[in-house]
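Engineer: Fold the following, please.
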Amino acid sequence: MSDQPAPSAKYPDPGVGAGQAESDRPVGDATRVPPPEPSVDPKPLATRIRAYRLLLILGASVFVLDQLTKWWIVANVSFNPMHVHGGGEDIEIITGFFYIIHVGNTGAAWSMFSGQSLLLALLAAATLVGIYFWRHSLGLRDRLTQFSFGLLCGGIVGNL
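Structural biologist: Here you go, the predicted model:
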């Protein structure tokens, strides 16, 4: 047996000569072999998209339904911003409780930020970008979370 330490098996250095251990060489020696780059094999795009399919399908469905109902109301219910129930311009779904009416709102809920459409659109777009970038932290691979965020994202896109 030799008293010499065995050369590093992990990254053999061809520049280490007989009687010279790799650790005895000066730091910064140009003959040192760099460690191999880790192989990065990203999953194919189809696999990554498939992981979020419920969110994407539900979001797209909510968006389409949102646009279809808006189109239908514009085409079939007269516009009346000062609406009074029972004036013949609404569609009664549940007597005394649920009506379909056509009014306008350029703001958020209950006309908050009315007239600030650009600000609200930027906020909505920023929310979608945030959901995308933090999707792993939000746990969007979970089906219930995808269902919830699918409804949310479909509604956000429908109001842009």
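Engineer: Look through this structure and tell me its longest helix.
Structural biologist: helix 53-76 (DSSP state H).
Engineer: What separation do you get for P81 and I100?
Structural biologist: Distance of P81 to I100, computed by CB to CB, to the nearest Å: 15 Å. Placement of C-beta: from N, CA and C, glycine included.
Engineer: what about those two, which has more around it?
Structural biologist: I100 (13 against 8; other CB atoms under 10 Å).
Engineer: so where is the chain shaky, pLDDT-wise?
Structural biologist: Along the chain, segments meeting pLDDT under 70 span 1-31, 36-41, 83-88, 109-111.
Engineer: all helices for it, in order.
Structural biologist: Taking DSSP H, the helices of the chain run over residues 45-50, 53-76, 117-133, 143-158.
Engineer: Quick check: the residue nearest the centre of the chain vs K70, distance?
Structural biologist: By CA atoms, centre = their mean, the chain has its centre lying nearest to Y132, at 2.2 Å. The spacing between Y132 and K70, counted by CB to CB, is 25 Å.
Engineer: surely I131 meets S148?
Structural biologist: No: using CB atoms under 8 Å as the test, I131 is too far from S148 to be in contact (11.0 Å).
Engineer: K70: neighbour count?
Structural biologist: 13.
Engineer: contacting residues around it?
Structural biologist: Taking CB atoms under 8 Å, 6 or more residues apart in numbering, we find K70 in contact with G158.
Engineer: measure it to R53 for me?
Structural biologist: 26 Å.
Engineer: and if you look at S78?
Structural biologist: With distances taken as CB to CB, S78 is found 40 Å from R53.
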